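> here's my sequence, what's the structure:
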Amino acid sequence: MQRWSGLALAAVLGSVAAAACGGHGGAQAPAPQVPAAKAAAAAPSAPCHKLARAVATAVSASGVSSTVVLASVDGKTVAYVSDEDVHAVLTVDVDGKKQLASTAIDGTPGHMLLTPDGRLLVTVKDKSKVVALEPSVTDKPLATSCSIDTATEPVALALAPDGTVLVSSGWGRALAGHDGDTLARRFSVELPREPRAVVVSEDGKSAFVAHAVGSQMSVVDLAAGKARAVKLRGKDPLVAQRRRMMRSQPARMKAAGIKVTPEMERRFAEMEKEGDSETERGSRSSCQGYALAKSIDPAGRVLAPEVFVDNGDPNMRAEGYGDDDSPTEAASVAVLDDTTGTPIDTSLATSRERMFMGHGDDPRDHHEPCLLPRAAIVDPSTKNLLVTCFGIDDVIAYDAAAASPVRAEKRRWGVGAGPTGIALDGPKHRAIVWSQFDRVLDVIELTNIPITAEKANPRERSGRIELPAAERKIQPEVALGRLLFHAAGDNRIAKDGRACASCHPDGRDDAITWATPDGPRRTILLAGRVSSTPPYSWSNGEKTLREHLSTTFDRLDGGGLRSAELDAIVAYITTLAPPNAAVARAPKEAKVARGEQVFLSKEAKCAECHIPSADFSDGQLHDVKSKAKADRGDQFNTPSLRGTGGAGPWFHDGRYKTLKDLLKDVDGKMGHTKQLSETDLDALEAYLRSI
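Below you'll find the model as predicted:
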């Protein structure tokens, strides 16, 4: 509670800058006031082209993007910072500890990548484009040379050895390859939900793509333009061991001369089937796949920070959300073979004991786990994997060479709130971290000092560069709400350390169906659909978001928040833009227009409950004949359809794996679709994906 009380006071006083989670920093130089961000080029973008001479060169080329990029310009080490709150790219003199310039971006900037010829590529998430900026001198805004269109919501960038620029698009579910000189699109590959970070294999043949949800990673064959999914699920080694013993038991008995009767074989078959079920229950879903890094020494390893989740048995009711007898979330770092894409089982191992926070004899276990990893990079000099963690606002150093890096924590540093990006300055043995919520840069000195059990790893301090106050400010109440929404480890919200963002990454959903007191419940997307669609759960009747939050925190066994803090979370949630806003603004294609006609038709009856003028919900409970085994009731709230095309699986218990399956199966229970042709079903699906 003490951790956030100062923030609540800061919100009341209206000081965003004071609303800091980690108010610990090194020596700071006074930061000059910088004029409002100005775009250097007002003329329309010219065709993209390679620069003849690189003014800016990467300090430590990694080939992957981040929200902070280090470059050498005019003999200075400069940090380019993507500041989404002010819609600008900031230029910061790292050694001089001051901001030099600000370049306005038309939209919300995301990741950045410095190309070999010195262009700074910036993803603009809400405008579905990548902008190329040209550095000239350090104290002037960057010139906008060109921009290219992308699939909806470009997120991350990577550079292949042949110069191809890769762009992942979250809501657009795609990875695109662009010519390194002209940025013309070469190919686009469809991917599963919410792709985020991208790294390229050592041989340049494959791209690895992390996903925020879905318990998987995509491995893309860049030559063939095809993607395959690699499962990333936590494995309980004890369950797996019992499974192997059960499978080999008949053979062992026969080898020992023991007669195995048909009845015994039948029983062994039943036990094996039960073992399969236990193995499935013993596995853990994974999510929060926002970051990726490549190991340099040893080479050939892709490192993926993530979180394993125990959602409980949806066929049983639970007291809260998930298994009543097991902690819900555990930090992990999956390790994959760079050549084959195969995960190392040791890195996926979990156990109920290890999932408990603070359990074990190693003093390092008493540190809060990284349940919201957001950025990662490998320091080759120390062979450490550096991971930034939302909520606890730490950077954690894991042994990048370990079979299970998360069990080999070496150091950690406290940084500003909301560390979205990290960049390596190899020549000076330091890392620079951009913390969006506090708008500060932290400078971490990297030395390979091993920490032993006898000397517990302290939360070390970093140097800090404070940036000037922004003219475009986020409202104090919203700033506080954003901090609380990502507050991992706050037992007032959840006893087991979960944050709101654990189940609602980016304010969306985790694609998981949870065991709850009411039965199986699929997490609902929040962004862009909570301001006018009460009630706020699948089956309860909470009429306000505050009421729903109180119920949720009670089920999470949290201690509860103050009234002003509840108001702050509500304020933050209601500001979250719908992730498909760009799609909704686009002119309707003929197929989408036909789907809208079907949706509004008297025959289909979709719009009778999903009323377009009321944000696609009538706010009522209905019995649509969907009661599952563990459901307490048989009536369910009509959910808003905003963003439903990017969700999945569908329905309150996640029973439908595809939207088309849902449309075909609900005839007579929820509208009428049986009479629709395949063409009209496709059109209806296209329309739903555009809402």
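> which residues in the stretch 1-150 of the chain form strands?
Secondary structure of the stretch 1-150 of the chain (DSSP state E, counting those that start in this stretch): strands located at 57-58, 68-73, 76-83, 88-93, 98-104, 109-114, 120-124, 129-134, 143-149.
> to S206, which of the ones you listed lies closest?
Among those, the nearest to S206 by Cβ to Cβ is strand 109-114 (18.6 Å). The way it works is simple: take the backbone N, C-alpha and C, and place the C-beta from them, glycine included.
> just the residues contacting that closest one, thanks.
56-58, 61, 64-69, 71, 80, 82-84, 87-89, 120-125, 154-159, 165, 421 (Cβ atoms under 8 Å, 6 or more residues apart in numbering).
> picking up where we left off before, quick one: the strands of the stretch 1-150 of the chain as CSV, columns for mean pLDDT, mean neighbour count and distance to D631 too.
Formatted as CSV, the strands of the stretch 1-150 of the chain follow (pLDDT from 0 to 100; neighbours: other Cβ atoms under 10 Å; distance: least, Cβ to Cβ, whole Å):
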stretch, mean pLDDT, mean neighbour count, distance to D631
strand 57-58, 94, 16, 55
strand 68-73, 96, 23, 47
strand 76-83, 97, 23, 44
strand 88-93, 97, 24, 49
strand 98-104, 96, 22, 51
strand 109-114, 98, 26, 40
strand 120-124, 98, 25, 42
strand 129-134, 97, 23, 44
strand 143-149, 95, 18, 45
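> for K674, give me its contacts.
Taking Cβ under 8 Å, 6+ apart, one finds D667, G668 in contact with K674.
> switch to 7 Å and redo it
D667 (Cβ atoms under 7 Å, 6 or more residues apart in numbering).
> again, but for F437
A417, G418, R482, L483.
> can you rerun that using 6 Å?
A417, G418 (Cβ atoms under 6 Å, 6 or more residues apart in numbering).
> tell me where the model's unsure across this protein.
Within the chain, the segments meeting pLDDT under 70 span 1-45, 236-248, 270-282, 324-326, 351-366, 448-459, 461, 535, 584.
> that one - how does it break down into domains?
1-30+292-579, 237-282, 587-690 (automatic domain parsing).
> quick one: which of those is nearest S188?
domain 587-690 (16.9 Å).
> how far off centre is that closest one?
In terms of Cα atoms, centre = their mean, to the nearest Å, the centre of domain 587-690 is found 27 Å from the chain centre.
> just stretch 373-389 next, same as before
Chain-centre distance of stretch 373-389: 17 Å, with Cα atoms, centre = their mean.
> just stretch 223-238 next, same as before
With Cα atoms, centre = their mean, you get 17 Å for stretch 223-238.
> what lies in contact with that stretch?
187, 189, 191, 215-220, 282-284, 286, 308, 334, 341, 348-351.
> OK, contacts around the residue lying closest to L142 once chain neighbours are set aside?
In this structure, L142 finds its nearest non-sequential neighbour in L133, 3.9 Å apart by Cβ to Cβ, 6 or more residues apart in numbering. Residues near L133 by Cβ under 6 Å, 6+ apart: L120, L142, T144.
> could you measure the last one against D93, distance?
Okay, so that is T144. 22 Å (Cβ to Cβ, to the nearest Å).
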